[in-house]
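Visitor: What shape does this take:
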Amino acid sequence: NGVLTQYMVDRLNGRRMNEQSTGSARRESYKYEPTSRMSNTYLLPGTDKREDMFKDIKFGLYCRSMGGGSVNPNTGEFNFGVNEGYLIEDGQVTDPVIGAMLIGSGAEILKNIDMVSDDLALAQGMCGSVSGSIPTNVGQPTI
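Guide: I've put the predicted structure just below:
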């Protein structure tokens, strides 16, 4: 339903944040301390068509693929590299963009989603942290 109801927290961070543990502690191996980590992140598809999402954008960036970033768990601030990105000019996807990085706040981004497409895609990746590198799965439409 699009409503964030709780954060992913392990027992330690749950106590710090006065939240109940969600059992989200993961680690690469016994050599690392476990920390709250994602495993399967999924957003439901919407009803919008991807091509319709761009038509009112005068100038923007379409991020088709992202990776290589970090999140501050205390503030929700993030930075992610854009692996594959394109300019949007007058409602049309145009030239490829190289070296772009997205920087922002997770809470603010979630508040500003105004369209969700019907083009659900599934992917696998890796998440690196102080608790090692772990496999992740994601499913999401264009937002």
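Visitor: Only C-alpha atoms from now on, for both contacts and neighbour counts.
Guide: Fine.
Visitor: In contact with Val130, which residues are there?
Guide: By Cα atoms under 8 Å, 6 or more residues apart in numbering, the residues touching Val130 are Tyr32, Glu33.
Visitor: The protein: strands as residue ranges?
Guide: 25-26, 35-36, 40-42, 59-71, 77-89, 92-97, 101-105, 121-129, 132-140 (DSSP state E).
Visitor: how far off strand 77-89 does the fourth one point, in degrees?
Guide: Okay, so that is strand 59-71. Relative orientation of strand 59-71 versus strand 77-89 (axes from the mean of the first three to the mean of the last three Cα atoms, to 10 degrees): 160 degrees.
Visitor: And the strands of the chain: which comes nearest Glu19?
Guide: strand 35-36 (12.8 Å; Cα to Cα).
Visitor: Quickly list the domain ranges of this structure.
Guide: Per automatic domain parsing, the structural domains of the chain span 1-46+121-143, 49-114.
Visitor: Where does the prediction get shaky in the protein?
Guide: 1-2 (pLDDT under 70).
Visitor: that older thread, possible to save the strands of the chain as a markdown table with distance to Arg16 and mean neighbour count?
Guide: Output for these, formatted as a markdown table (distance: least, Cα to Cα, whole Å; neighbours: other Cα atoms under 10 Å):
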| stretch | distance to Arg16 | mean neighbour count |
| --- | --- | --- |
| strand 25-26 | 15 | 20 |
| strand 35-36 | 13 | 20 |
| strand 40-42 | 24 | 12 |
| strand 59-71 | 18 | 15 |
| strand 77-89 | 18 | 18 |
| strand 92-97 | 41 | 15 |
| strand 101-105 | 21 | 14 |
| strand 121-129 | 20 | 13 |
| strand 132-140 | 22 | 16 |
